[in-house]
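Chemist: Need a 3D model of the following:
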Amino acid sequence: MKKIIDENGRLFGRISVIDIGVLILAVVLVAAFAAKDDTTPIAVIAAPMQDVSYTVAITNMPQGRLESLHEGDTLYDSETKYALGKVACVEAEACTTSILKSDGTYVMAPVEGRYNVTVHVDAKAMVDERQNIYINRTNQIAVGLSLSLYTKSALFGGVITEIG
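Modeler: Numbering: from 1, shown residues only. Now for the predicted structure:
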């Protein structure tokens, strides 16, 4: 009876086992290439940039950080380090918290040295066909998105409350 693999490593004395492995690899690569997704991307890199403004709400900001946040400052994302626009306007109001009184009721009381801040930001953005907004073609923004932000002199976190 004839051996399946001979002393030269050939299958039935005719074809090499290495040749079979290469052939299988080639078939897998051709199948993967044929099955790849050929749909066009949603965001076109050459899409024109549009002016976008959005609002970031910051709660319980210390007075020192508020004083270091100025109109005209460039706003950066702490995670990606990309610019997210320029601060157009900063609005602040006294921060309040609920306090339990001895009679079991709650009252709102101001927190000294803390502020709730609204920052209006102007930026250049690309809007794709699904109306997703990408600031400088890199960072996607949306209402409700929490961001960790910084300027040249302030570090803070906030939530996007409005895009206009």
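Chemist: Which other helices and strands does the strand or helix carrying residue 32 contact?
Modeler: Assigned by DSSP states H and E, residue 32 falls within helix 17-35. Helix 17-35 is packed against strand 10-11, with contacts defined by 3 or more C-beta pairs under 8 Å, 6 or more residues apart in numbering; DSSP states H and E. The way it works is simple: take the backbone N, C-alpha and C, and place the C-beta from them, glycine included.
Chemist: Following element in sequence after the helix holding residue 32, please.
Modeler: Past helix 17-35, the next helix or strand by DSSP H and E is strand 50-62.
Chemist: thinking again about what came up before, with only the CA atoms kept, save the helix holding residue 32 in CSV.
Modeler: As requested, the backbone C-alpha atoms of helix 17-35 are provided in CSV (Å, rounded to 0.1, in the frame of the first residue of the first chain):
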residue,chain,number,x,y,z
VAL,A,17,2.1,19.8,1.7
ILE,A,18,3.5,23.4,1.7
ASP,A,19,2.0,23.9,-1.8
ILE,A,20,-1.4,22.9,-0.4
GLY,A,21,-1.1,25.4,2.5
VAL,A,22,-0.2,28.2,0.1
LEU,A,23,-3.1,27.3,-2.1
ILE,A,24,-5.5,27.4,0.9
LEU,A,25,-4.2,30.7,2.0
ALA,A,26,-4.7,32.2,-1.5
VAL,A,27,-8.3,30.9,-1.6
VAL,A,28,-9.0,32.5,1.8
LEU,A,29,-7.5,35.9,0.7
VAL,A,30,-9.5,35.9,-2.6
ALA,A,31,-12.7,35.1,-0.6
ALA,A,32,-12.0,37.9,1.9
PHE,A,33,-11.3,40.4,-0.9
ALA,A,34,-14.5,39.5,-2.7
ALA,A,35,-16.6,39.8,0.5
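Chemist: and it, how far from the chain's centre?
Modeler: In terms of C-alpha atoms, centre = their mean, to the nearest Å, the centre of helix 17-35 is found 38 Å from the chain centre.
Chemist: Number the residues from 49 up from this point.
Modeler: Sure, I'll start numbering at 49, so the last one becomes helix 65-83.
Chemist: if you average pLDDT over it, what comes out?
Modeler: Here helix 65-83 scores 86 as its mean pLDDT.
Chemist: Just the buried residues of the longest strand seen in the chain, please?
Modeler: The residue-count maximum for a strand in the chain (DSSP state E) belongs to strand 154-175. For strand 154-175, burial by neighbour count (16 or more other C-beta atoms under 10 Å) applies to 162, 163, 164, 165, 166, 167, 168, 169, 171, 172, 173, 174.
Chemist: Taking strand 98-110 as reference, get the angle to that strand.
Modeler: 150 degrees (axes from the mean of the first three to the mean of the last three C-alpha atoms, to 10 degrees).
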